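Undergrad: quick one, structure for this:
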Amino acid sequence: MAIGKCAWCCTQLVRVMLFIFNFIFWALGGTLLALGIYLKIEFRSLNDITEDNFSLWTYVLIGVGATIFVISFLGCCGTLLESNNLLMTYFMLLILLVVAELGCGIWAYLNREKISTQLYDGLDNAVIEYNKTRGDGQSSVVRDAVDSIQSTFKCCGSNGRADYSPNNPPSSCCPKTKNDLPDCTSQGYYDQGCKAEISSSLKANLWVVGIIIGILLFLELVGTVLSCHLRHYVVKQDIERWGAAYSHL
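TA: All right, here's what the predicted structure looks like:
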């Protein structure tokens, strides 16, 4: 037997490990995809008050999650079928994905202050515009966005309800009753500004995203090593099979 029994056992172990890693990889990709969709819905109002498209990052998460979902499925197929072409494609896509994730992470870290400033300036300007257009009787995308943010994050104004002084804060600054109606009489107004609430919510969600991406990067690196080993075995096996076939000609 050309390939020793010990080498064959090790390769089968690698095959099982690669399949398990890809299954976990697939599950985390689905989780990242679901988280991106959740953040897109949860922070949809922020897109209407920022200069640039704030929801771009949610689309990035959705895209990365969907890509991982597909790549891990490809890796499972290549592992089960022991296909050289599928394993090679899987390996190349993993390398590209790691480079893309590192690039996005580095860019986001270097521009974190700019992103925060853009968001908070947009919120400040939105509240100012809210006060200016509050009594004109016309519908406003910005006012609707501010009302949605205040209701969703249970906050009032950009820095607090004093942002609406000398007028009373809008009803979206009031807690809701069981009937989902604002109650400003008995419940009063939210005291916390939306900057602080949004910052806390973003930090909480970014921790989750960071942990998932960290695990994914580890799995991707492990996947590249395991796929290389399995592909080497498959290629060696194919060469021996072809050599045996030619020897009988």
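Undergrad: so how far is residue 19 from the residue most central in space within the chain?
TA: Nearest residue to the geometric centre of the chain (CA atoms, centre = their mean): residue 61, 3.0 Å. From residue 61 over to residue 19 the distance is 26 Å, taken as CB to CB, to the nearest Å. All C-beta atoms are positioned from the backbone trio N, CA, C, and that covers glycine.
Undergrad: contacts only, for residue 69.
TA: Contacts for residue 69 (CB atoms under 8 Å, 6 or more residues apart in numbering) come out as 26, 29-30, 33.
Undergrad: next one: residue 183
TA: Residue 183 sits next to 174-177 when contact means CB under 8 Å, 6+ apart.
Undergrad: do the same with residue 197
TA: Contacts of residue 197 by CB under 8 Å, 6+ apart are 153-155.
Undergrad: if you rank the residues you listed by neighbours, which is first?
TA: residue 155 (26 neighbours; other CB atoms under 10 Å).
Undergrad: is it in contact with residue 193, as I believe?
TA: Yes: when contacts are counted by CB atoms under 8 Å, residue 155 is listed as touching residue 193 (5.9 Å).
Undergrad: follow-up on the earlier one: buried residues in whichever strand or helix holds the residue nearest to the centre of the chain, which are they?
TA: In the assignment (DSSP states H and E), residue 61 maps to helix 56-81. For helix 56-81, burial by neighbour count (16 or more other CB atoms under 10 Å) applies to 57-58, 61-62, 64-65, 67-69, 71-76, 78-79.
Undergrad: quick check: next helix or strand after that helix?
TA: As assigned by DSSP H and E, the chain's next helix or strand after helix 56-81 is helix 84-110.
Undergrad: looking at that following helix now, give me its mean pLDDT.
TA: Here helix 84-110 scores 83 as its mean pLDDT.
Undergrad: just the buried positions in it, please.
TA: In helix 84-110, counting by 16+ other CB under 10 Å, buried: 84, 86-91, 93-94, 97-98, 101.
Undergrad: how distant is it from the center of its chain?
TA: Relative to the chain's own centre, helix 84-110 is displaced by 15 Å; criterion: CA atoms, centre = their mean, to the nearest Å.
Undergrad: one more: stretch 122-129?
TA: Centre-to-centre, stretch 122-129 and its host chain are 27 Å apart (CA atoms, centre = their mean).
Undergrad: this completes my enquiry, with thanks.
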